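> how would this look folded up:
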Amino acid sequence: MLEKAVSMPNLEPITIPTEPIGSIPRPADLIERVARGDSEDPNLASFYEDAIRDTIERFEATGSPVISDGEQRKYHNFSTYCVHGLPNTAPDGFKIPFSDGHTRRLPRLTRGPFRYKRYADCYLDVAMRYAHVPVKQAVISPSALSLMYPAENIPDYPREQFIEDLLNEHETEIRRCLKKGAHKVQVDFTEGRLAVKIDPTGHLLNSFIDLNNLALSRFLPEERRRIGVHTCPGNDFDSTHSADIDYAELLPSLFEVKAGNFYVALAGEHDRRQALKIIRKHLKPDQRVFVGVIAPIDPHIETPEEVRDRVLEASEYIPIEQLGTTDDCGFSPFSDDTSTSRDTAFAKIQARVLGTKLAQKLIGAHR
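Residues are numbered from 1 along each chain as shown. Reported below is the predicted structural model:
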C-alpha cells in the first residue's frame with residue numbers, strides 16, 4: 001500500500017547580501033607620489049592602475065560577492081572627486097570639523113555654470129577590466145555638493161539655476177554608472193547626521209532630503225532598486241564629525257529618501273538596539289537596509305563570530321528579506337588618511353563576509 005505523499009513547503013534558501021561601502025587605504029608609494037606632485041599627472045597612471053588591480057585582487061580574495069575599486073583614484077576625497085580642479089572654485093568653502101579638532105573643507109563655487117569635471121563611471125571603466133564579481137560605485141550626494149554655493153548669491157548665477165545644474169549633473173552621473181553595469185550606485189550622504197548637528201531644528205536636514213529626492217524622483221522604481229544611500233557619522237583619521245548626534249534625529253527622515261537601499265553605520269554605535277528599533281519602525285516594504293557590522297575606525301579586527309552576532313541582533317528587528325550587511329563607512333574616504341592599513345581593512349572585510357555567512361546559515365536552520 002502506497003503511503004500518501006506529504007507536501008513539504010518549498011522554502012527558498014536564506015541569502016543575506018553583503019556589500020562594502022567603498023574606500024580602501026591607498027598603497028603608501030601612491031600616496032607619497034601624489035603628495036609630491038599633481039594627482040592628475042599622466043605619469044601616475046601606472047601607479048593608479050597597479051593600486052586598483054591589487055585592490056580588486058585582494059577584495060575578491062576576501063570572498064566578498066560585491067566589491068569596489070577602493071576609490072583608489074578618488075583624489076583627493078570621496079566628496080570632491082567630481083569637482084576637483086574646476087577653475088571656477090576657491091579652496092575656502094564649507095568647513096567640516098571632526099571630533100579630534102582637525103577640519104576638512106569643500107571648495108567654494110565662485111561663478112557659474114556648475115559642471116562636473118569628471119563622472120564616477122570613469123572609475124568603473126578600469127575596475128571592471130579586472131573584476132570577476134559585481135562592482136558597485138559610490139557617488140557624492142547633491143546635498144553635499146549644494147554646500148559649495150556660498151551664502152551670498154553669485155552674480156548672474158542664482159542659487160535656483162545652480163540647483164538645477166547640480167541635479168542634472170547628479171542624474172547624468174548615476175545614469176552613466178548604471179549604463180556601465182554598476183551592481184549598485186551608492187549615494188554618499190554622510191552629511192545627513194552632520195546637518196542635525198549644524199541645525200538642531202531639522203530644517204537643514206529636511207532641505208537635504210528634499211534635494212536628494214528631487215534627484216531620485218527622476219529615476220524609475222526599477223532603477224531606484226539599484227540605487228542606495230549611505231549614512232555614517234564620518235570617518236577621517238579615526239575621527240568622526242557627528243557621532244555625538246542621536247541617531248533618532250536622523251533615521252526617521254532618512255527612510256523618506258526615495259532609494260531602494262540604505263547603508264546604515266551601526267557597528268560603532270553605543271546603542272545598536274535602539275537604532276534598530278527606529279529602523280524597524282520607519283523601514284518601508286520596498287526598502288532594504290544594509291546594517292554596518294564592521295567599525296573601520298576601531299583598530300580591533302572583528303571576528304566572524306562577532307559579526308555573526310551583530311547580524312543575528314539585527315535580524316530580530318529587520319525582516320530577513322530586507323536585511324543586508326556592510327561596513328560602517330569607507331576605510332579611507334580621504335586619500336591621505338593612513339590611520340588604517342590595507343591589511344587591516346581587508347581582514348575586517350573578510351570577517352564581514354564570513355560572519356554574514358555564519359548568521360545566514362543559523363537563520364536558515366531555524367526557519
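> Provide the count of other residues in contact range of Arg175.
By other C-beta atoms under 10 Å, the residues close to Arg175 number 16. Just so you know, the C-beta spots here come from the backbone N, C-alpha and C atoms, and that holds for glycine as well.
> which strands and helices sit next to the helix or strand it falls within?
Arg175 belongs to helix 159-180 when assigned by DSSP states H and E. Packing partners of helix 159-180 (3 or more C-beta pairs under 8 Å, 6 or more residues apart in numbering; DSSP states H and E): helix 121-130, strand 137-140, helix 142-145, strand 185-188, helix 203-216.
> Could you tell me the angle between the last one and helix 159-180?
Going back to what we said before, that points to helix 203-216. Taking axes from the mean of the first three to the mean of the last three C-alpha atoms, to 10 degrees, one finds helix 203-216 and helix 159-180 inclined to each other by 50 degrees.
> Work out the gap between helix 203-216 and the centre of the chain.
Relative to its parent chain, helix 203-216 has a centroid offset of 17 Å by C-alpha atoms, centre = their mean, to the nearest Å.
> The third one now?
Chain-centre distance of helix 142-145: 14 Å, with C-alpha atoms, centre = their mean.
> Quick one: closest of the helices and strands packed on helix 159-180 to Val229.
Val229 sits nearest to strand 185-188 of all the helices and strands packed on helix 159-180, at 5.0 Å, using C-beta to C-beta.
> quick check: mean pLDDT across that closest one?
Regarding strand 185-188, the rounded mean pLDDT is 98.
> same deal with stretch 146-157?
Across stretch 146-157, pLDDT averages out at 95.
> buried residues in the helix holding Arg175?
Residues of helix 159-180 classed as buried by neighbour count (16 or more other C-beta atoms under 10 Å): 162-163, 165-167, 169-171, 173-178, 180.
> Let me know the closest of those residues to Phe189.
Nearest to Phe189 among these, with distances taken as C-beta to C-beta, is His170, at 12.1 Å.
> I figured the closest one hits Ser143, correct?
No: at 9.9 Å, His170 and Ser143 do not qualify as touching, with contact defined as C-beta atoms under 8 Å.
> For the nearest residue to Arg226 once chain neighbours are set aside, give me the backbone phi and psi.
Leaving aside its sequence neighbours, Arg226 sits nearest to Lys184 (C-beta to C-beta, 6 or more residues apart in numbering; 5.5 Å). Dihedral angles of Lys184 (phi, psi; degrees, to the nearest 10) stand at phi -140, psi 150.
> Who are the packing partners of the longest strand anywhere in the chain?
In the chain, with assignment by DSSP state E, the single longest strand is strand 288-294. Here strand 288-294 touches strand 261-264, helix 272-282, helix 304-315, strand 323-327, helix 342-365, going by 3+ C-beta pairs under 8 Å, 6+ apart.
> For Ala45, find the nearest of the ones you listed.
Closest to Ala45 of the helices and strands packed on strand 288-294 is helix 342-365 (C-beta to C-beta; 20.5 Å).
> Let me know the secondary structure of Ser99.
At Ser99 the chain is in coil, as set by DSSP: H, G, I helix; E, B strand; the rest coil.
> Can you check the pLDDT for it?
According to the prediction, Ser99 has pLDDT 88.
> if we compare the helices and strands packed on helix 159-180, which one ends up closest to Asp238?
Asp238 sits nearest to strand 185-188 of all the helices and strands packed on helix 159-180, at 18.9 Å, using C-beta to C-beta.
> Contacts for the closest one, please.
Residues from elsewhere that reach strand 185-188, judged by C-beta atoms under 8 Å, 6 or more residues apart in numbering: 21-22, 78-79, 136-141, 144, 174, 177-178, 212, 226-230, 259, 261, 263.
> I'd like the next helix or strand past that strand.
Next along the chain after strand 185-188, taking DSSP H and E as the criterion, comes helix 191-198.
> now that next one: mean pLDDT?
The average pLDDT for helix 191-198 rounds to 95.
> Please apply the same query to stretch 273-293.
Averaged over stretch 273-293, pLDDT sits at 98.
> Just the buried positions in that stretch, please.
For stretch 273-293, burial by neighbour count (16+ other C-beta under 10 Å) applies to 275-276, 278-279, 283, 287-293.
> Then stretch 223-230?
224-230.
> With the flanking residues excluded, which residue is spatially nearest to Glu191?
Using C-beta to C-beta, 6+ apart, the closest residue to Glu191 is Ala144 (5.0 Å).
> Out of the helices and strands packed on helix 159-180, which gets nearest to Ile245?
Closest approach to Ile245 among the helices and strands packed on helix 159-180 is made by helix 203-216 (10.3 Å; C-beta to C-beta).
> Could you check the angle the helix holding Arg175 makes with helix 121-130?
10 degrees.
> can you tell me which residues contact Glu249?
Glu249 is in contact with 193, 196, 200, 202, 205, counting by C-beta under 8 Å, 6+ apart.
> any idea which of these has the most stuff around it?
Most neighbours among the contacts of Glu249, by other C-beta under 10 Å: Arg193, with 26 neighbours.
> What is the neighbour count of the closest residue to Ala35 other than its chain neighbours?
Once flanking residues are discounted, Ala35 sits nearest to Asp336: 7.3 Å by C-beta to C-beta, 6+ apart. Residues near Asp336, counting by other C-beta under 10 Å, number 14.
> got a list of what Lys117 touches?
When contacts are counted by C-beta under 8 Å, 6+ apart, Lys117 touches 82-86.
> Double-check that it belongs to a helix.
No: looking at Lys117 with three-state DSSP, it is coil, so not inside a helix.
> Now do it against Pro91, distance only.
For Lys117, the distance to Pro91 equals 15 Å [C-beta to C-beta, to the nearest Å].
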